[in-house]
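Visitor: Structure for the following, please:
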Amino acid sequence: MVETASAVAAAQDEDRVLVLTRLFEAPLSLVYKMWTEPEHIARWWGCSGSTVTRCTRDLRVGGDYFVEMQLSDGSPHRIAGVYRVIEENARLCFTWGWLDDEGQRGHETLVTVTFSERGQATEVTLRHEVFDTTETRDLHGEGWTFGLDNLAAYLAEAQSREG
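Guide: Next up, the predicted model:
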């Protein structure tokens, strides 16, 4: 009976997991760099109508990060977390929590980003889990999709400057 309850709980958790996979026409080392250096993150990260106003990263296991975005209506949105896994050019895993006005982190989720070389391109798989509701999962899906679209454009721009 316990196994059945565990299976039901696991299935409910899967409903609150977001998985996105994108192929970027850029070398793996460049794509990874865009995820790990604050000056690059600030150029593509965020949802529609947002601008990154501050981004800090302590890129080490146990190190923290902070991103502040300003929405088009002027309202700030702040995210903070801690790196759990860093495998250069392969995988990043970090906690994710929205901060309230007092700087307290809300419901914490886990983001795992894997990078795989596909010829001259790079496949990125983003797994963001476990949201408190499917609605929150869907909203984050919209935000991540917008951000990944921005990343594709930024990568194209960066490569045209270099090439």
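
Visitor: I'd guessed Asn89 sits against Met34; true?
Guide: No. Applying CB atoms under 8 Å as the test, Asn89 and Met34 come out as separate, 11.9 Å apart. Where C-beta positions appear, they are placed from N, C-alpha and C, glycine not excepted.

Visitor: In the helix or strand Cys93 falls within, which residues are buried?
Guide: Here Cys93 is covered by strand 91-99, with elements defined by DSSP states H and E. For strand 91-99, the neighbour count (16 or more other CB atoms under 10 Å) marks 92-97, 99 as buried.

Visitor: what's downstream of it, the next helix or strand?
Guide: Immediately after strand 91-99, counting by DSSP H and E, sits strand 109-118.

Visitor: any idea of the angle that next one forms with strand 91-99?
Guide: Following axes from the mean of the first three to the mean of the last three CA atoms, to 10 degrees, one obtains 150 degrees for the angle between strand 109-118 and strand 91-99.

Visitor: list the buried ones in strand 109-118?
Guide: Here strand 109-118 shows 109, 111-113, 115 as buried, counting by 16+ other CB under 10 Å.

Visitor: Then stretch 33-49?
Guide: Residues of stretch 33-49 classed as buried by neighbour count (16+ other CB under 10 Å): 34-36, 38, 40-47.

Visitor: now, which of those lie within strands?
Guide: Secondary structure from DSSP state E places none of the buried residues of stretch 33-49 in strands.
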